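# Quick one, structure for this:
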Amino acid sequence: MMSPVAYIESPFADKFGIPRQSGMTTVESRVVFHEQYRSAEAVRGLEEFDFIWLLWRFDTDGVWHPTVRPPRLGGNARMGVFATRSPFRPNPIGLSSVRLRRVAFEECGPVLYVEGADLRDRTEIYDIKPYIPYADSHPEAKSGFAPQPEDRQLQVDIPEDCDLPEEVRRGLVEILKLDPRPRYQDDPDRLYALSYAGYEVKFVVSGPILTVQSVELV
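As a prediction, this is how the structure comes out:
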């Protein structure tokens, strides 16, 4: 029987807006250990690694299908679930490679500050392992229907009167540039709402330009 060793504190309150893969932004999150694992000895030497693997649990209802519609293919073509990274799997296990910025020792024990996580806030983490380039990196490998990172990015327009801390604004721009909309939606009149770092952000997208309409603290 597995039990989580930690959870993440990230700016993503909802699924909408979370990057589709890890490592796509520099947005910072915190990995906080559960009480029984708050041991300085357990993380000794981890600071010597630039990247770590997080193994975590998708927040799904347990329903899965043998084929899914990957967003990368526009949501129209079906692929086998084991040929995708869909969260709707027989066992809802996620795997993310994130940059380890630092290991801090706080009142709650060791805390890992990481960049590029694609996890919703409070997601349970079942294991943490160091990323080892000679074993984990295969730059010559084929990548199926996702051979290259998507190069489509939106131009983000945030009104100057939006009162946002600079760090929040920077991270929000990174997320919005990636176009959080479902791939099959392209309605310039549709108003989208995204929760990020305690703010509700409403925006529209017309062509390559995303315009923020309002930002409210929630």
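# List the buried residues for the longest helix anywhere in the chain?
The single longest helix within the chain, with elements called by DSSP state H, is helix 166-177. Across helix 166-177, burial judged by 16 or more other C-beta atoms under 10 Å covers 168-169, 171-177. C-beta coordinates here come from the backbone N, C-alpha and C atoms, glycine included.
# Check stretch 125-141 too.
Buried, per 16+ other C-beta under 10 Å, within stretch 125-141: 125, 128, 131.
# tell me which element the second one falls in.
Element membership for Ile128 (DSSP states H and E) is strand 124-130.
# And stretch 173-180, how far out from the chain middle?
Here stretch 173-180 is found 12 Å from its chain centre; the criterion is C-alpha atoms, centre = their mean, to the nearest Å.
# circling back to that earlier point, closest one of the buried residues of helix 166-177 to Asp189?
Set against Asp189, the nearest of these by C-beta to C-beta is Leu176 (18.1 Å).
# Not counting sequence-adjacent ones, nearest residue to the closest one?
Nearest non-adjacent residue to Leu176, counting by C-beta to C-beta, 6 or more residues apart in numbering: Val156, 4.6 Å away.
# How is that neighbour assigned, secondary-structure-wise?
Following DSSP: H, G, I helix; E, B strand; the rest coil, we place Val156 in the strand state.
# show me where the chain has strands.
6-9, 28-33, 51-57, 67-68, 79-80, 93-106, 109-115, 124-130, 155-157, 192-196, 199-206, 209-217 (DSSP state E).
# Output these in a markdown table; the columns should cover mean pLDDT and distance to Tyr184.
Putting these into a markdown table (pLDDT from 0 to 100; distance: least, C-beta to C-beta, whole Å) gives the following:
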| stretch | mean pLDDT | distance to Tyr184 |
| --- | --- | --- |
| strand 6-9 | 98 | 29 |
| strand 28-33 | 98 | 29 |
| strand 51-57 | 97 | 27 |
| strand 67-68 | 92 | 14 |
| strand 79-80 | 94 | 16 |
| strand 93-106 | 97 | 23 |
| strand 109-115 | 97 | 30 |
| strand 124-130 | 98 | 30 |
| strand 155-157 | 96 | 21 |
| strand 192-196 | 97 | 14 |
| strand 199-206 | 96 | 13 |
| strand 209-217 | 95 | 17 |
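# so can I have JSON lines of those strands showing distance to Pro139?
Listed next are the strands of the chain as JSON lines, based on distance: least, C-beta to C-beta, whole Å:
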{"stretch": "strand 6-9", "distance to Pro139": "28"}
{"stretch": "strand 28-33", "distance to Pro139": "26"}
{"stretch": "strand 51-57", "distance to Pro139": "15"}
{"stretch": "strand 67-68", "distance to Pro139": "27"}
{"stretch": "strand 79-80", "distance to Pro139": "23"}
{"stretch": "strand 93-106", "distance to Pro139": "14"}
{"stretch": "strand 109-115", "distance to Pro139": "21"}
{"stretch": "strand 124-130", "distance to Pro139": "19"}
{"stretch": "strand 155-157", "distance to Pro139": "30"}
{"stretch": "strand 192-196", "distance to Pro139": "32"}
{"stretch": "strand 199-206", "distance to Pro139": "33"}
{"stretch": "strand 209-217", "distance to Pro139": "32"}
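# what mean pLDDT would you report for the longest helix of the chain?
Averaging pLDDT along helix 166-177 gives 96.
# partners of the residue nearest to Leu176 in the sheet?
Per DSSP bridges, the residues bridged to Val156 are Leu210.
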